[in-house]
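J.: the following comprises the amino acid sequence and a computationally predicted model.
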Amino acid sequence: MTAIVLRNYQKQAVTATLNHFRQSQESAIIVLPMGSGKSLVIAELARLARGNLLVLTHVQELVEQNHAKYEALGFTAGLFSAGLGKRQTQEQVTFASIQSIANGLTEFNQQFSLIIIDECHRVSNKDDSQYQQVISTLRERNPSLMLLGLTATPYRLGQGWIYRYDYRGFVRETNHAVFDHCIYELPLSQLIREGFLTPPVCIDAALHHYDFSSLIAVDHQHQTQALSHLLRKYPRVTRAITEEVVELAKSRRGVMLFAASVEHAKEIYRYLPEQQSAIITGSTDRQSRQNLINAFKQQQLKFLVNVSVLTTGFDAPHVDLIAILRPTESVSLYQQIAGRGLRLYPDKKDCLIIDYAANGFNLFSPEIGSPKPAADTEAVQVFCPLCNFANIFWGRRDEQGQVIEHFGRRCQGLTFQGENKRQCHYRFVFKECPFCNHENDIAARRCEHCDNVLIDPDDILKRALSLKDAKVMRCAGISFETDQQRLIVIYHDEQGDTLKEAFDFSYTKSRHRFNEQLGRRMYMGSKSFNSLDEVFQLEAQFKHPDFVIAKRQGHFWKIEEKLFDYQGRYRKANQLY
């Protein structure tokens, strides 16, 4: 039996797991970059397990890889995978594919004490998903069942972060968390700095590249059709890109090209050196796929084109050039693609990663876990005015680098009361309850404090639009003027029309009204103002309402209501119909 020799960060990940489950049965994840040796961490946890342990993943290559690593160390484990022709159920430790075990749970009589899921970002939070059904069934047999996930990318496209609480003391802004805690995370930069991974050289292609900006988010079938139609417009671009890759590859050992569709992959393949190239798609039969992969790994082939395969469970350490010719909105997929070239290999100094699709991801940038709200946004740091936690949100900066706008909803900091922890309750944007004045999430239908039904802003707008003596403004901006001690707030619409209201700062009640209506809704957090000078110093940080509702009084309009952070069916200012 071979002793498991772990690197320091692997020992730390194992220790974090043991400490967590000694204190809690809540689910947890470990975040380890590609190439960090997750299979060794799994093997050590399996060795230490006292009860029955089930290791799950979604592809048979990873099932086989994790199982082989464990048995190579002198241990015995079961293998349950239809694709591998194994249905072993009697060992303490079982490595299985989720598809096979979902169809074969009745073959297992034992209770499992721990499930480990490799590539756990693939786990959906939908109750009818295979992972959730398996977890639910096994938890019925053992209510104390513990759940651990491992991944390099702890987020899902369209859903955001897959966990809620971070061991560094903050909460992820997500409503789709499958796991409760992140208990350990190793940065990719640390692995590279310590010499465990090859340094990437990332390039956004400037001369030859595709323009996928016209693609819109639709269902998979229509997205594929639109993508194929768009790529037919770029035959010369595809040829120029491929010829450039071939030229750059003269000083490289192994080249992987990631195509957008089967048709696209075949086109790329036509421009590559025939005797040195191969193409693999989802329809390539298993034996042919394995033969081509083996030839590539043995460097009998230099160029390997693939479509939606070879992103996980594929290990060819000699790869030192990655060409990305497909669009993706998934940072997880982008990192998986880039990771194919980061493993160490003799005399390999770096890996060239060229993005010909202008995806715009940065392997080392902080991740938000939610889609970019606009192309000109970036990750910005926003301090909570209540607990002083440094949040990272999508936002915008001015020319001096100051944050002028962000899209965060709630502070992600954790606050502690004794042994109890909870998310900081400060909200940067909120829907105020008219019954108790509690600040709720902008998507809330009921007040979380008093449980009253919150008034739908669409109903407010619909009612106002039906009145003859009411005016509804789509507000596009806000400005201030002074009249002695009176602050004049001017709301501007798209056409340049205005509505005004005044706050007399010489009166306490008027100042309080201003702070309640506008001061508490600043971009960078709630502020309380006592003088006009203070207001003008921070004028750029005031958030304008999305709608202003006014009622006619004689020859004037009196502002009755302002709707902030609107979400609904009515168009806001400067939005397309």
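T.: Happy to help now that I have it. A quick note: this is a predicted structure, and the numbers were derived from the prediction, not measured.

J.: residue 539: neighbouring residues, count only.
T.: 10 (other C-beta atoms under 10 Å). Quick note: C-beta positions are derived from backbone N, CA and C, even for glycine.

J.: quick check: it vs residue 403, distance?
T.: When distance is defined by C-beta to C-beta, to the nearest Å, residue 539 is 15 Å away from residue 403.

J.: just residue 61 next, same as before
T.: The separation that residue 61 has from residue 403, given C-beta to C-beta, amounts to 44 Å.

J.: before we move on, what about residue 250?
T.: For residue 250, the distance to residue 403 equals 45 Å [C-beta to C-beta].

J.: got the buried residues for the lengthiest helix in the chain?
T.: Among the segments of the chain that qualify as a helix by DSSP state H, the longest is helix 8-23. Of the residues in helix 8-23, those buried by neighbour count under the rule 16 or more other C-beta atoms under 10 Å are 9-10, 13-14, 16-17, 20-21.

J.: thinking again about what came up before, who has more neighbours, residue 250 and residue 403?
T.: residue 403 (18 against 6).

J.: show the pLDDT at the residue lying closest to residue 333 once chain neighbours are set aside.
T.: On the basis of C-beta to C-beta, 6 or more residues apart in numbering, the spatially nearest residue to residue 333 that is not a chain neighbour turns out to be residue 311, at 6.5 Å. At residue 311, the predicted lDDT confidence score is 70.

J.: thought residue 75 was touching residue 47?
T.: Yes - using C-beta atoms under 8 Å, residue 75 makes contact with residue 47 at a distance of 6.5 Å.

J.: got a list of contacts for the longest helix of the chain?
T.: Outside helix 8-23, the residues within contact range by C-beta atoms under 8 Å, 6 or more residues apart in numbering are 6, 28, 30, 32, 36-37, 40-41, 44-45, 48, 114, 146, 148, 167, 181, 183-184, 186, 190-191.

J.: if we go to 6 Å?
T.: Contacts to helix 8-23, defined as C-beta atoms under 6 Å, 6 or more residues apart in numbering, come from residues 28, 30, 40-41, 44, 146, 183-184, 186.

J.: check stretch 401-410 too.
T.: Outside of stretch 401-410, the residues that reach it under the criterion C-beta under 6 Å, 6+ apart are 373, 380, 382, 391, 393-398, 427-429, 523, 540.

J.: buried members of those residues into ChimeraX, please.
T.: Typed into ChimeraX, the line below selects the buried ones among these, using 16+ other C-beta under 10 Å:
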select :380,382,391,393,394,395,396,427,428,429,523
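
J.: any idea which helix or strand comes after the helix or strand of the chain with the lowest mean pLDDT?
T.: Ranking every helix and strand in the chain by mean pLDDT, DSSP states H and E puts helix 220-231 at the bottom, with a mean of 52. Counting by DSSP states H and E, the element after helix 220-231 in chain order, helix or strand, is helix 235-248.

J.: CA atoms only for the helix or strand just after that next one, dumped as PDB, please.
T.: Remark: after helix 235-248, the chain's next helix or strand is strand 254-258, criterion DSSP H and E. Below are the C-alpha coordinates for strand 254-258, written out as PDB (Å, rounded to 0.1, in the frame of the first residue of the first chain):
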ATOM      1  CA  GLY A 254       0.200  20.200 -29.000                       C
ATOM      2  CA  VAL A 255      -2.700  22.400 -30.200                       C
ATOM      3  CA  MET A 256      -6.400  22.200 -29.200                       C
ATOM      4  CA  LEU A 257      -9.000  24.100 -31.200                       C
ATOM      5  CA  PHE A 258     -12.500  24.600 -29.700                       C
END
